[in-house]
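Engineer: Build the 3D model from these lines:
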Amino acid sequence: MNDSPTQLLTEGETWYEAPGCHHRVSANASETEDYLILVTFVVETKVVEEGGLGALVVVVVDEEFEGLVFPSS
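Structural biologist: Got it, this is the predicted structure:
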């Protein structure tokens, strides 16, 4: 996130992203095991009422990741 080094999380670990954080990529590091990311947003009701669910996430793909495809199960 932002310009921090890549983090490799193991089962049960968590992280926090502050508002406006630049989350560069999320991917499964395992070639044999599926993964699941559970996301919890804490926001003011007004944000969703006025902007819909799209107001929660701004997706901007960094040039270096354009065209990158991650396999899905």
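Engineer: separation between L9 and L56?
Structural biologist: 22 Å (CB to CB, to the nearest Å). Placement of C-beta: from N, CA and C, glycine included.
Engineer: and E49, which of the three is it?
Structural biologist: Assigned by DSSP: H, G, I helix; E, B strand; the rest coil, the conformation of E49 is helix.
Engineer: now it: how far from V43?
Structural biologist: Where V43 is concerned, E49 sits at a distance of 10 Å (CB to CB).
Engineer: mind listing the helices for the protein?
Structural biologist: 45-51 (DSSP state H).
Engineer: Might you list the low-confidence residue ranges for it?
Structural biologist: 70-73 (pLDDT under 70).
Engineer: what ranges do the strands span in it?
Structural biologist: Secondary structure of the chain, counting by DSSP state E: no strands present.
Engineer: Give me the neighbour count for V48.
Structural biologist: V48 has 14 neighbours, counted by other CB atoms under 10 Å.
Engineer: just M1 next, same as before
Structural biologist: Using other CB under 10 Å, the number of residues around M1 comes to 15.
Engineer: oh, and call the first residue 21 from now on, that's how I've got it
Structural biologist: Understood, numbering begins at 21; the last thing we discussed is M21.
Engineer: Verify the contact between it and R44 for me.
Structural biologist: Yes - proximity of M21 to R44 meets the contact threshold set by CB atoms under 8 Å, at 6.9 Å.
Engineer: anything in contact with each of these two?
Structural biologist: Counting by CB atoms under 8 Å, 6 or more residues apart in numbering, M21 and R44 have no common neighbour.
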